[in-house]
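# what follows is a protein structure lacking sequence information:
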C-alpha cells in the first residue's frame, strides 16, 4: 500500500521551524494590533494596562465559572468534587507562576521598570490569559 503523504527529510526538518515561525508571527500580530493606534508611548501603556485588566477580569470570571461547573457536575459525590476543585486550584496557581515567568522572559530585553517593559509584559499577559481562558471553558473535561 502506498502512503498518502510522502515525508522526506527536508519536510521533517522544516515543519517544526515553520510552526515556530507561525507562532511567532501570530504573537507579533497580536502585539501590533493591540493598542497600535495610540499616539504616544504613555497612551500605548495605558491601553495595554486596560487590555490586561480586561483579560484578568475575564480569566477570573471563567475560573469562577469553571469551579461552579465542577461543583454542579459532581454534586452527587462531594469528595470527588472537592478533589477536582483542589486540583484545579493547584493547577491554576502553577499556571500563574508559568505565565508570570514566561512574560518576564518575553519582556527581558526591555529595561525593567520602563514603559517598554510594562507594555511587553501586559501584551504577554493578555495573550496567555486568552489561551488559558479557552482551556478553562472546557472544564470539567
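Yep, it's here. What you see is a predicted model; the values in this text were computed from it and never measured. Residues are numbered from 1 along each chain as shown.
# ok, now which ones touch the residue lying closest to residue 74 once chain neighbours are set aside?
Distance criterion CB to CB, 6 or more residues apart in numbering; nearest residue to residue 74, sequence neighbours excluded, is residue 81 at 3.6 Å. (Glycine included, C-beta is placed from N, CA and C.) Residues in contact with residue 81 (CB atoms under 8 Å, 6 or more residues apart in numbering) are 70-71, 73-75.
# could those residues be laid out in JSON lines, adding pLDDT, neighbour count and distance to residue 54?
JSON lines is the format used below for these (pLDDT from 0 to 100; neighbours: other CB atoms under 10 Å; distance: CB to CB, whole Å):
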{"residue": "70", "pLDDT": "97", "neighbour count": "20", "distance to residue 54": "25"}
{"residue": "71", "pLDDT": "96", "neighbour count": "15", "distance to residue 54": "26"}
{"residue": "73", "pLDDT": "96", "neighbour count": "14", "distance to residue 54": "28"}
{"residue": "74", "pLDDT": "96", "neighbour count": "17", "distance to residue 54": "31"}
{"residue": "75", "pLDDT": "95", "neighbour count": "10", "distance to residue 54": "32"}
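# still on that earlier bit, tell me the confidence at the residue nearest to residue 74?
Residue-level confidence at residue 81 comes out at 97, pLDDT.
# which strands or helices does the longest helix seen in the chain pack on?
Counting by DSSP state H, the longest helix found in the chain is helix 41-73. Contact here means 3 or more CB pairs under 8 Å, 6 or more residues apart in numbering; DSSP states H and E; on that basis helix 41-73 packs against helix 78-106, helix 115-137.
# close enough to count as contact, residue 52 and residue 120?
No: look at residue 52 against residue 120 with CB atoms under 8 Å: they stay out of range, at 11.4 Å.
# residue 109: how many residues sit nearby?
9 (other CB atoms under 10 Å).
# next one: the one 3 residues further on
The burial metric for residue 112, expressed as a neighbour count using other CB under 10 Å, is 10.
# same check, this time on residue 67
Neighbourhood size, residue 67 [other CB under 10 Å]: 19.
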